[in-house]
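J.: quick one: sequence and predicted model below, then my questions.
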Amino acid sequence: MKRGPRLMDLYRAMLDALGPSRWWPADTPFEVMVGAILTQNTSWANVAKALDNLRSADLLDPARLHGLELDELAERIRPAGYFRLKAQRLKHYLDFLAQADFDLTALAERDTLALREDLLAVRGIGPETADSILLYALGHPVFVVDAYTRRIASRHGLVPEDIDYHELQSFFADALDPDPGLFNEYHALLVRVGHTWCKKTKPDCVACPLGPLLET
DNA sequence: TGCCAGGCCGGGT
DNA sequence: ACCCGGCATGGC
């Protein structure tokens, strides 16, 4: 009776198959933050269009975006979907940044758990968005959980399908060294694998490089 | 053409 | 403490 694959085995299998990721796809920490909100339940291709709109208008800047009218912001991000909702959520988040004098460096130096609580208190920032900001924009050692994380882990029999966010987060974080670089690459690889082989209704387990890990 | 995509909130049980 | 409807565009 063999045990199931350990999490570092899974990591190495993904890294071997795909190579390193250089994530998150953004030029600046602020762009990571905006993208994290825009990508809520939305494909990255649509988010990229919205980010391009903001970039062309030179609006990928905290203070300038904060000064933008809600209606104009909504129009700019329309391709990302839920655009009225997300414009509000961005506004709330930009208000939060304004309270911090738009000092992202100072934010990054705050205590991880306290900052996480403050992020979660912003309307429209839930656990995944908060953790994406913490890890990918601010460099904190927080493991990010998303739909792909849950789908891949459950389909490999590592966790139940209906496991909640924090249980799943602990499942990974407790088994790994709390290294931001590792957490960054791990989540990036899960998303890339999910993207390519582990879609909701059409998984391609035959082509998936993790296929052999299904053997227990 | 319907289903899906890197969630989250607010109201109801 | 769950459970659910709503939110919206673009790609396959």
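T.: Now that the structure is in, tell me what you want to look at. Numbering: from 1, shown residues only, chains lettered A, B, ... in the order given.
J.: need the contact list for the spatially most central residue of chain A.
T.: The residue lying closest to the centre of chain A (CA atoms, centre = their mean) is A:Ser132, at 4.1 Å. Applying CB atoms under 8 Å, 6 or more residues apart in numbering to A:Ser132 gives the contacts A:24, A:32, A:36, A:144. The way it works is simple: take the backbone N, C-alpha and C, and place the C-beta from them, glycine included.
J.: of those residues, grab the buried ones for PyMOL.
T.: The buried residues among these can be selected in PyMOL (16 or more other CB atoms under 10 Å) with this line:
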select buried, chain A and resi 24+32+36+144
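J.: in chain A, what residue lies closest to DNA strand B?
T.: Using CB to the nearest atom of the strand, the closest approach of chain A to DNA strand B is made by A:Gly126 at 2.1 Å.
J.: what about the strands in chain A?
T.: Under the criterion DSSP state E, chain A carries no strands.
J.: DNA strand C contacts on that one?
T.: Within reach of DNA strand C by CB under 7 Å from any atom of the strand, chain A has these residues: A:41-43, A:45-46, A:49, A:78-79, A:81-86, A:164.
J.: out of those, who's near DNA strand B?
T.: With the criterion set as CB under 7 Å from any atom of the strand, the members of the residues of chain A next to DNA strand C near DNA strand B are A:41-43, A:46, A:81-82, A:85.
J.: okay if I get the residues you listed as TSV plus pLDDT, distance to A:Ala63 and neighbour count?
T.: Output for these, formatted as TSV (pLDDT from 0 to 100; distance: CB to CB, whole Å; neighbours: other CB atoms under 10 Å):
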residue	pLDDT	distance to A:Ala63	neighbour count
A:Asn41	98	28	8
A:Thr42	98	26	16
A:Ser43	98	29	11
A:Asn46	98	26	16
A:Gly81	98	26	17
A:Tyr82	98	25	15
A:Leu85	98	23	12
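J.: could you export these as a markdown table, including distance to A:Leu176?
T.: Below are those laid out as a markdown table (distance: CB to CB, whole Å):
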| residue | distance to A:Leu176 |
| --- | --- |
| A:Asn41 | 26 |
| A:Thr42 | 28 |
| A:Ser43 | 28 |
| A:Asn46 | 31 |
| A:Gly81 | 33 |
| A:Tyr82 | 33 |
| A:Leu85 | 34 |
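J.: widest-spaced pair of those?
T.: Greatest spatial distance among those (CB to CB): A:Ser43 and A:Leu85, at 16.4 Å.
J.: find the nearest non-adjacent residue to whatever residue of chain A ends up closest to DNA strand C, please.
T.: DNA strand C sits closest to A:Gly81 of chain A, with a gap of 2.5 Å, by CB to the nearest atom of the strand. Nearest non-adjacent residue to A:Gly81, counting by CB to CB, 6 or more residues apart in numbering: A:Thr42, 5.0 Å away.
J.: isn't that neighbour up against A:Tyr82?
T.: Yes. Under the criterion of CB atoms under 8 Å, A:Thr42 makes contact with A:Tyr82 at 7.1 Å.
J.: just for chain A, where's the confidence low?
T.: Low-confidence segments of chain A, defined by pLDDT under 70: A:1-5, A:212-216.
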